[in-house]
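Q: sequence unknown, structure follows:
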């Protein structure tokens, strides 16, 4: 509760508040783990799921439904958190995610399963946004790196155990447990959110929702995700369908930003884009999304074809990358809390990412597996030094009233980068692969279903000469991918030098609110369990 009155003595709060922050943090880690786990747990369970539900033709939608739904709502969650309070919005996100998990666990056909994944996405899109926004309110930017660094580590761990859990469940207790496993985590997350997270309403009076802006952004995002998902697979990139989707997306984005200039409570306030650091870190986050998801999307596939290992084992070969992300995310987070000069961390991280990409571009059919694992470890370490620091720099530029909006915008553009990266890389990889196989496959070789039906089991039945051609084709198709994204990484490296190293603020969002208390209030003691703050604050970058 927030008590007002001269007769109340200030209470020593460092120890109690520190404990409460840690309790909140544990709950938020559960939320984040649940969100990250769901993005990877299906990778090894998909074949079993589609076989059981007889829906191979709809398999792509299991992933697309989640990605599409979560992308649509990311900026909306951020804005609604600022308007209605982060606690209420986070509980809503957890509830939606839980409902989607139950729908998926009970699904008797692919349509119901896909609907469940879509509902999961509607909730999952808010889990990470609200977790980062809550931490932004209760922890100062100076200390926040220690917490967001662990967030990055939790994300890496979930990325590792997700495929293992999915494969184990599909082979033993049943694939439905990839949904049911979310329920205990959701219960812990809801209880910890309700008990420990403060309810702070940052806006007074009537709330104005930008309905037109939301609709335009959803149309733009939907068309973009569908175009990048279907382009090169269901439809050719030059097809009328793909071009139309991109065109509608572009027009909708233009109309969206025009609308934002007139909306009373815009989803993306245009004054945010007047801030140099926000623009630069958002652009770099988009590039990092392209690099991260584009660079690793087909590595497990290459591992399976080159080594003959199963999907689960090939996923384990990605451990070095996740370990690099885990260790460097935590180390970088702590470094931002202890040292005043933090700008060099993402600068050096992007340089390390560039080195890892260059090493991976040297892949051949005979590259040792341990070399590939080493290169992936370097790539992961560089990414771990970038991602959380970029978010921290963006958040540090704005006041407590818009932390949800800033967080949602930053993550949204990162997700846009991920979609673009997966599409661009996928198109280049498949094109190069089919071209090499067509040109180098020995004459007289016949494969049932053609080259597109290749899988590790079929490869083992082919002559040694054909196996050599196939493995070489995968290496020759994958290596140029890294040369494609390398210039983008170097561009991000250059952009990072133009970021101003603004000192990280020492006051928390709660302390910032205390400083904004109405005149005449002699004491203001924020605690974690009482009523709303109900005055209005104009962000430092907002127009007067």
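A: Structure's in. What do you need? Not measured: the values here are computed from a predicted model.
Q: State the phi and psi torsions of residue 231.
A: phi -60, psi 130 (degrees, to the nearest 10).
Q: which residues does it bridge with?
A: When assigned by DSSP bridges, residue 231 has beta-bridge partners residue 235.
Q: Surely it touches residue 237?
A: Yes - taking contacts as C-beta atoms under 8 Å, residue 231 lies within contact range of residue 237: 4.9 Å. Where C-beta positions appear, they are placed from N, C-alpha and C, glycine not excepted.
Q: who has more neighbours, the two?
A: residue 231 (22 against 15; other C-beta atoms under 10 Å).
Q: who touches both of residue 231 and residue 237?
A: Residues touching both residue 231 and residue 237 (C-beta atoms under 8 Å, 6 or more residues apart in numbering) are residue 427.
Q: Mind giving me the packing neighbours of whatever helix or strand residue 418 lives in?
A: Assigned by DSSP states H and E, residue 418 belongs to helix 403-440. On a contact count with 3 or more C-beta pairs under 8 Å, 6 or more residues apart in numbering; DSSP states H and E, helix 403-440 meets helix 59-84, helix 110-138, helix 211-230, helix 276-296, helix 369-396, helix 464-496.
Q: can you give me the mean pLDDT across the fifth one?
A: Which is helix 369-396. For helix 369-396, mean pLDDT is 87.
Q: so how far is residue 67 from the most centrally placed residue in the chain?
A: Nearest residue to the geometric centre of the chain (C-alpha atoms, centre = their mean): residue 415, 6.1 Å. Taking C-beta to C-beta, to the nearest Å as the measure, residue 415 falls 8 Å from residue 67.
Q: now swap in residue 87 and tell me
A: Noted for residue 87: a distance of 27 Å to residue 67, by C-beta to C-beta.
Q: now the helix or strand in which residue 333 is found and helix 276-296, what's the angle there?
A: Following DSSP H and E, one finds residue 333 within helix 319-338. Between helix 319-338 and helix 276-296, the angle comes out at 160 degrees (axes from the mean of the first three to the mean of the last three C-alpha atoms, to 10 degrees).
Q: hmm, who's touching helix 319-338?
A: 142-153, 155-157, 159-160, 296, 342, 345, 349, 373-374, 376-385, 387-389, 392, 504.
Q: Next: stretch 364-381.
A: 156, 295-296, 299, 303, 306-307, 317-325, 327-328, 349, 352-353, 355-357, 359-360, 363, 468, 471-472, 474-475, 479.
Q: ok, now stretch 268-285?
A: Residues outside stretch 268-285 that contact it (C-beta under 8 Å, 6+ apart): 75, 213, 256-257, 260-261, 346, 350, 386-387, 390-391, 393-394, 396-398, 402, 405-406, 409-411, 413-414, 417, 492, 495-496, 498-500, 502, 539, 541-543.
Q: Now a ChimeraX select for only the buried ones of those.
A: Under the burial definition 16 or more other C-beta atoms under 10 Å, those of the contacts of stretch 268-285 that qualify are selected in ChimeraX by:
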select :75,213,256,257,260,346,350,386,387,390,391,393,394,396,397,398,402,405,406,409,410,411,413,414,417,492,495,496,499,539,541
